[in-house]
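# sequence unknown, structure follows:
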């Protein structure tokens, strides 16, 4: 990349992007309003951004039935953590650095809700029972203290046509077996065994 093309200051970026409309910053709130709360209660999917003590970022998708995130009040949320890959990237990050950011998504709605704040982990049995799904309590919960939130405009979804099914490409095949088997010295047989285990896990361990 040309050094002349590298942007290193906010002023340089502003010279290209410009300043926001004077009304735009007014949408940023320091707590959830009723529209934000209603959005979260209709959302079956979110993306949780964290960063470790060394600044290494991580974004983790989380989803369940609409309203799986509990709105305690205008400044506090509870996000259930359920069975997954057990790598703990996001959870370890929260223990080292509690700063988090979340994007809530509602299918068919092109606006998204962005929430920032601090997080902590809890294993309180009463909280976990309150976050139950499919007859099982959450394994643990992420409590988020909201510091700011705002609705993001629909332009990214409009450009990508994300909710227009006629624009979708064919389903992309992802084979964990094809990725992992060669690292274990295995072949196509092992790859299929791994993929079969993944499929069984999807059916039995949600």
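Looks like it arrived, so ask away. None of the values given here were measured: they were computed from a predicted structure.
# Which parts of this protein belong to which domain?
Annotated domains of the chain cover 24-160, 171-204 [automatic domain parsing].
# Tell me which of the ones you listed sits most buried.
Ranked by mean neighbour count, the domains of the chain are led by domain 24-160 with a mean of 16 (mean count of other CB atoms under 10 Å). Every residue, glycine included, has its C-beta placed from N, CA and C.
# chain center to it: distance?
Mean-position distance between domain 24-160 and its chain equals 7 Å (CA atoms, centre = their mean, to the nearest Å).
# now for it, what's the gap between its first and last residues?
23 Å (CA to CA, to the nearest Å).
# hmm, back to that, what would the domains of the chain look like in TSV with distance to residue 18 and mean pLDDT?
As requested, the domains of the chain are exported to TSV (distance: least, CB to CB, whole Å; pLDDT from 0 to 100):
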stretch	distance to residue 18	mean pLDDT
domain 24-160	11	97
domain 171-204	36	95
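# Let's have those domains in a markdown table, adding distance to residue 11.
As requested, these are arranged in a markdown table below (distance: least, CB to CB, whole Å):
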| stretch | distance to residue 11 |
| --- | --- |
| domain 24-160 | 18 |
| domain 171-204 | 41 |
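# can you tell which of these is closest to residue 12?
Comparing these against residue 12 with CB to CB, the closest turns out to be domain 24-160 (20.7 Å).
# those strands in this structure, which residues are they?
For the chain, the strands defined by DSSP state E cover 45-51, 57-63, 70-73, 76-81, 99-105, 112-122, 140-152.
# Show the secondary-structure elements that the longest one is packed against.
Meaning strand 140-152. helix 34-42, strand 76-81, helix 89-96, strand 99-105, strand 112-122, helix 125-130 (3 or more CB pairs under 8 Å, 6 or more residues apart in numbering; DSSP states H and E).
# Residues contacting it, please?
Under the criterion CB atoms under 8 Å, 6 or more residues apart in numbering, residues 27-32, 35-36, 39, 48, 74-81, 91, 94, 100, 102-103, 111-124, 127-128, 131 lie in contact with strand 140-152.
# Repeat that for the first one.
Where contact means CB under 8 Å, 6+ apart, the residues beyond strand 45-51 that reach it are 57-63, 69, 79, 89-90, 93-94, 97, 99-105, 107, 119, 142.
# biggest helix in this protein, by residue count?
Counting residues, the longest helix found in the chain (DSSP state H) is helix 188-204.
# Check which helices and strands it sits against.
Other helices and strands packing on helix 188-204, by 3+ CB pairs under 8 Å, 6+ apart, are helix 176-180.
# Just give the closest residue to residue 95, not the sequence neighbours.
Excluding its sequence neighbours, the residue lying closest to residue 95 (CB to CB, 6 or more residues apart in numbering) is residue 121, at 6.9 Å.
# should've said residue 123
Per CB to CB, 6+ apart, closest to residue 123 is residue 140, 5.1 Å.
# Over to residue 53?
Once flanking residues are discounted, residue 53 sits nearest to residue 96: 4.0 Å by CB to CB, 6+ apart.
# Could you measure from the one you found over to residue 124?
Taking CB to CB, to the nearest Å as the measure, residue 96 falls 21 Å from residue 124.
# likewise residue 201?
From residue 201 to residue 124 the distance is 27 Å (CB to CB).
# Same question for residue 20.
41 Å.
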